[in-house]
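In: Structural data only, the sequence is not supplied:
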Ligand code: BG6
Ligand code: MG
C-alpha cells in the first residue's frame, strides 16, 4: 500500500540556512588559534555532530592538544561559539535557502507536520532570526537529546512528540551523520549535497532549490512500494 508522509523533519544548519558555512569558518578560526589547519574536506565530518565532539576531532589533529583538561576544552568550545555568534549576527529572513519557504508552505497546505531536528544549541535563536518559528509544530535541538547524530534520537524525539510512525516521516539533511540518523530512525532520508558524502540518502539533491515537494513525495512513495 502506498502511504503518504505525515511529517517533514528538517535539519537546520546547511538545509534551512547556510549556517553550516559559518560553523566551518568559526571552527577554522579556532583551529588556527590552536595552530591547526582544517579544510572543507575535513569539515564534512564535523557536519551534524555536537560542539564538543567537533572540538575533540580538531584536537586529535595535534597530539599536544590531546590531553587538555575538561575546563580548557569547555573554554575552547565557548570560544568557537563566540566566533560563530559573531558570524550569525546579520542573519535574517533573506538568509533562508532557496526552495525552503515553498517546501514549508507546501507541507502546510498538505497538512503535513513540520519539525526541526538540529544538533545545534543555537537552533532556536537562528529559527527566530529567520522569522520561521511559527511554521514549526515542534523543535528538537541539542539540549533535548542524550545522543547526538548519527544516533536517531533527534529525529525519533520529534516523531514521538508528533505521534507519527517513523515510516511516515521524512528527514532532510546535509550531513553524512544526519542522513545516517534519519536512516537509523527508519525514516525516509533526503540528502542535500554531494553523492561522495551522502550516497546513503534515499533521495539526493545537489542543493536546496531542488527540494521540490512533489519530487520528494514521488521518491518516498516508490520506497514505500518496494518495502
Ligand atoms: C550542527 C552543525 O547542526 O550543530 C554542526 O551541523 C555544529 O556543525 C552542531 O557543530 C552544534 O552546533 P552548536 O550551535 O550547538 O555549536
Ligand atoms: Mg546540517
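Out: Arrived safely. The structure presented is a predicted model; accordingly, all values stated were derived computationally and were not measured. Ligands and ions are numbered 1, 2, ... in the order given.
In: if I read this right, residue 132 contacts residue 16, doesn't it?
Out: Yes: Residue 132 sits in contact with residue 16 when judged by Cβ atoms under 8 Å, with a separation of 7.4 Å. All C-beta spots, glycine's among them, are computed from the backbone N, C-alpha and C.
In: Would you mark the buried spots in the longest helix seen in the chain?
Out: Residue-count comparison of every helix in the chain, with assignments taken from DSSP state H, identifies helix 70-87 as the longest. Residues of helix 70-87 classed as buried by neighbour count (16 or more other Cβ atoms under 10 Å): 76, 77, 79, 80, 81, 83, 84, 87.
In: and the gap between the most far-flung residue of the chain relative to its centre and ligand 2?
Out: For the chain, the residue at maximal distance from the C-alpha centroid (Cα atoms, centre = their mean) is residue 64, at 31.2 Å. Counting by Cβ to the ion, to the nearest Å, the separation of residue 64 from ligand 2 is 31 Å.
In: go on, residue 159?
Out: Distance, residue 159 to ligand 2, by Cβ to the ion: 18 Å.
In: Run a quick neighbour tally on the closest residue to that residue other than its chain neighbours.
Out: By the measure of Cβ to Cβ, 6 or more residues apart in numbering, the closest residue to residue 159 outside its immediate chain neighbours is residue 169, 5.0 Å from it. A total of 27 residues lie near residue 169 under the criterion other Cβ atoms under 10 Å.
In: My guess is residue 169 contacts residue 4. True?
Out: No: using Cβ under 8 Å, residue 169 and residue 4 do not qualify as a contacting pair, with a distance of 11.6 Å.
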